[in-house]
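K.L.:
missing the sequence, but the structure's below:
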């Protein structure tokens, strides 16, 4: 069997190309595409977004690797799990009503997720996140904001 190695840059390039193509498609009612991901990784991804909705830090803590990093334009540059909890979870989780996972695709232990997040105030926003999994846990997440890309920002926007 031939093993194919793909660089992160190639995966990101492919993902961005796929995102551009799917951006013109009508929104799905739920994640219509789970291509390329194992059942285990699909379950971890569902539990991750579910933990936000349930406000369940204990579940979140179990899903995130000890050396987990989170990156976004907030600016969060490879912040640790502890900092993620303090800066993101503690300030945003109470504002979240639901997630609609509109597109989920990946390969092996890498996935892109396009979602619509609805806040408790009735506002919403879309983001794309690149997730890297390892040994049954989320090792890293990079969040690419779509406009008002987090709950408190969406709640203060005028859209």
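P.N.:
Noted; the coordinates are in hand. From a predicted model like this one, the values you see are computed outputs, not experimental measurements.

K.L.:
Would you tell me what helix or strand the residue nearest in space to the middle of the chain is located in?
P.N.:
Closest residue to the average C-alpha location of the chain: residue 129 at 3.9 Å, with CA atoms, centre = their mean. Using DSSP states H and E, residue 129 sits in strand 124-134.

K.L.:
now that strand: how far from the chain's centre is it?
P.N.:
2 Å (CA atoms, centre = their mean, to the nearest Å).

K.L.:
which helices and strands does that strand pack with?
P.N.:
Secondary-structure packing of strand 124-134 (3 or more CB pairs under 8 Å, 6 or more residues apart in numbering; DSSP states H and E): helix 8-23, helix 39-54, strand 110-119, strand 137-146, helix 151-156. C-betas here are computed from N, CA, C, even on glycine.

K.L.:
In terms of mean pLDDT, which of those ranks lowest?
P.N.:
Mean pLDDT values for these show the minimum at helix 8-23, a mean of 45.

K.L.:
Quick check, residue 131 in contact with residue 114.
P.N.:
No. Between residue 131 and residue 114 there is no contact under CB atoms under 8 Å: 11.8 Å.

K.L.:
where does the residue lying closest to residue 143 once chain neighbours are set aside fall, phi/psi-wise?
P.N.:
In space, residue 143 comes closest to residue 72 once its chain neighbours are excluded; the distance is 3.9 Å by CB to CB, 6 or more residues apart in numbering. Backbone torsions for residue 72, taken as degrees, to the nearest 10, come to phi -160, psi 180.

K.L.:
How about residue 40, nearest residue that isn't a chain neighbour?
P.N.:
That would be residue 136: by CB to CB, 6+ apart, it lies 6.6 Å from residue 40.

K.L.:
Roughly how far does that neighbour sit from residue 105?
P.N.:
Distance, residue 136 to residue 105, using CB to CB, to the nearest Å: 20 Å.
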